[in-house]
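Engineer: Structure, please.
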Amino acid sequence: MELHNFFLMLAVLLLAARFLSELAARIGVPSVIGELAAGLLLGPSLLGWVSPDQTMKLLAEIGIILLLFEVGMDTDIFRLAKAGSKPFVVAAVGFVLPLLLGYAASHYLFGLSQLASLFIGGTLTATSIGITVRVLSDLGRRSSDEAQIVIGAAVLDDILGVLALAFLYQFAVSGEVTLIAIGQVGLYIVLFMLLAPLAAKLMAQVIDHFDQRSQSPGLLLTMVLALIMLFSYLAHVVGAPEIMGGFAAGIAMGQRFRITLAQRLHLPLVRRFNRLFAESPELSHRLEQQMRPLIHTFTPLFFVMVGVSLNLRQVDWSAPFIWQLSAALVFIAVAGKWLAGFCIRENRLRQSAIGLSMIPRGEVGLIFAQLGFANGILNAELYAAMLIVIALTTILPPFALKWFYARWGHRPELARAAAGEENG
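Structural biologist: Now for the predicted structure:
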């Protein structure tokens, strides 16, 4: 694409995303729906003005990484730890149930091949943490107790999704899979998520030290952006999704994490850094002021590109097979994630909120479907059916969550969570 055409396309995408998200908010719909609609309108599904260009995909990736950085900053990792095994249970059930049911329905009910059925089941395991968090933010629920469980479960879902994708890709290419290779990837990801926030915390102290003494503006923003990109690269190196790097950096830059860690962790290296680089308590506040405009500029591009990537013209709407398969898979995709919320000990309202929040598939489901289609495992009909499933499970949950909180959000079981109080 020529440079001037890229600038025009970027301007159109930003304006359409802002206009339709504002329109959606004014009519009482989560603004993320407006951004997805902008992608469907401008993309190959309707007007065809914008195609999933590689440069736009890179900008969209920056947007989701920055969004996950913001999520990390707002995530109280110690409060998340108090949830105990709940995020693990929700993630495990929400991963295994759709995988097994999707595979069984595809292979035994519709007679599809084993490999195609595995790819379809893998597609149904995904949870789009970006879409889920954005909807909870639009509804003012990001700090609720159920949101903390959902965020933890969605992060674990991403890790499980990477392992499943590695398994399926290796199986598709070689016809066999090595458990040692899958175990190595899993170990690298776990170690990264454990060690990255600690390393980023030390780097944050160094950045804060030099920012307070800097004679030129913008040092804090530049250094933190470099830190986010570095950790995204390192996440890719160990086999994790790049967005995990942004999330880990955000956790480390959050004020609650840094203060609590300084109080609880008494390693000599940490104590030395604490003495050498005295931390400013206003670091998180300054960083939030400087980062949020950038996040709000890039993040809509991600959701617009999700809509652009859904080419609804590829669907043969007259084929009964597509509708039958799509209906079965939509039911499995919704039920598998929704039931996961009822596998933990919580009141019924919070269980429902958690289950509904885990449903959106979005970009993660698209990665599975596009990989299967690109390698000839999914034919055009199967790919079209998966696009329908991904579209419905991306677009409908925000409406369901909005209705749920409008009807039940005032109840004490959820109101205490929204206020950040402890569970009763």
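Engineer: for stretch 133-144, which positions count as buried?
Structural biologist: Residues of stretch 133-144 classed as buried by neighbour count (16 or more other C-beta atoms under 10 Å): 133-139, 141-144. No exception for glycine: its C-beta is placed from N, CA and C like everyone else's.
Engineer: do you know how far the residue nearest to Cys343 when sequence neighbours are not counted is from Phe192?
Structural biologist: When the adjacent residues along the chain are set aside, Cys343 lies closest to Val93, with 4.8 Å between them (C-beta to C-beta, 6 or more residues apart in numbering). Counting by C-beta to C-beta, to the nearest Å, the gap between Val93 and Phe192 amounts to 24 Å.
Engineer: I'd say Gly341 and Ile354 touch.
Structural biologist: Yes: checked against C-beta atoms under 8 Å, the pair Gly341 and Ile354 is within contact range at 3.7 Å.
Engineer: list the residues that contact both of the two?
Structural biologist: By C-beta atoms under 8 Å, 6 or more residues apart in numbering, Gly341 and Ile354 have these common neighbours: Val90.
Engineer: What about the buried residues of stretch 133-144, which are in strands?
Structural biologist: Secondary structure assignment by DSSP state E places none of the buried residues of stretch 133-144 in strands.
Engineer: and which of those is nearest to Val150?
Structural biologist: Minimum distance to Val150 across the buried residues of stretch 133-144 is 7.3 Å, recorded for Leu136 (C-beta to C-beta).
Engineer: ok, that closest one to Arg350 distance?
Structural biologist: For Leu136, the distance to Arg350 (C-beta to C-beta) stands at 13 Å.
Engineer: And Leu67, by the same measure?
Structural biologist: On the measure of C-beta to C-beta, Leu67 and Arg350 end up 24 Å apart.
Engineer: Between these two, which has more neighbouring residues?
Structural biologist: Leu67 (27 against 21; other C-beta atoms under 10 Å).
Engineer: For the more buried one, which residues are in contact?
Structural biologist: Leu67 makes contacts with 130, 133-134, 246, 295, 299, 302, as judged by C-beta under 8 Å, 6+ apart.
Engineer: mind checking which helix or strand it is in?
Structural biologist: According to DSSP states H and E, Leu67 maps onto helix 54-74.
Engineer: for the record, mean pLDDT for that helix?
Structural biologist: For helix 54-74, mean pLDDT is 82.
Engineer: Centre-most residue in the protein?
Structural biologist: When C-alpha atoms, centre = their mean is applied to the chain, the residue found nearest the centroid is Ile129 (2.5 Å).
Engineer: That residue against Gly152, yeah?
Structural biologist: No: in this structure, Ile129 is not within contact of Gly152 by C-beta under 8 Å, at 10.1 Å.
Engineer: Trp49: neighbour count?
Structural biologist: 15.
Engineer: That should have said Gly183, apologies.
Structural biologist: With other C-beta under 10 Å as criterion, Gly183 counts 11.
Engineer: Could you check how far it is from Gly245?
Structural biologist: Taken as C-beta to C-beta, the span from Gly183 to Gly245 is 22 Å.
Engineer: Same question for Pro293.
Structural biologist: 22 Å.
Engineer: Looking at these two, which is more packed in?
Structural biologist: Gly245 (30 against 10).
Engineer: The more buried one in helix, strand or coil?
Structural biologist: helix (DSSP: H, G, I helix; E, B strand; the rest coil).
Engineer: let's number from 46 now, not from 1
Structural biologist: In the new count, where the first residue is 46, that last one comes out as Gly290.
Engineer: any weak-confidence spans in the stretch 296-445 of the chain?
Structural biologist: 299-327, 329, 360, 407-409, 411-412, 415, 419 (pLDDT under 70).
Engineer: which stretches of it form helices?
Structural biologist: 300-309, 313-321, 328-354, 365-385, 393-402, 407-419, 425-453 (DSSP state H, counting those that start in this stretch).
Engineer: Of those, which is nearest Pro262?
Structural biologist: With C-beta to C-beta as the measure, helix 328-354 is the member of the helices of the stretch 296-445 of the chain nearest Pro262 (9.9 Å).
Engineer: Now do the closest one: distance to the chain's middle.
Structural biologist: 14 Å (C-alpha atoms, centre = their mean, to the nearest Å).
Engineer: ok, now which ones touch Arg393?
Structural biologist: When contacts are counted by C-beta under 8 Å, 6+ apart, Arg393 touches no other residue.
Engineer: Next one: it from Leu85, what distance?
Structural biologist: 35 Å.
Engineer: Check Leu213 too.
Structural biologist: Applying C-beta to C-beta to Leu213 and Leu85 gives a distance of 28 Å.
Engineer: do the same with Ala150
Structural biologist: From Ala150 over to Leu85 the distance is 27 Å, taken as C-beta to C-beta.
Engineer: Could you do Gln257 as well?
Structural biologist: In terms of C-beta to C-beta, Gln257 sits 46 Å off from Leu85.
Engineer: Between those two, point out the one with more neighbours.
Structural biologist: Leu85 (22 against 16).
Engineer: In this structure that one contacts Ser354, no?
Structural biologist: No: applying C-beta under 8 Å as the test, Leu85 and Ser354 come out as separate, 9.9 Å apart.
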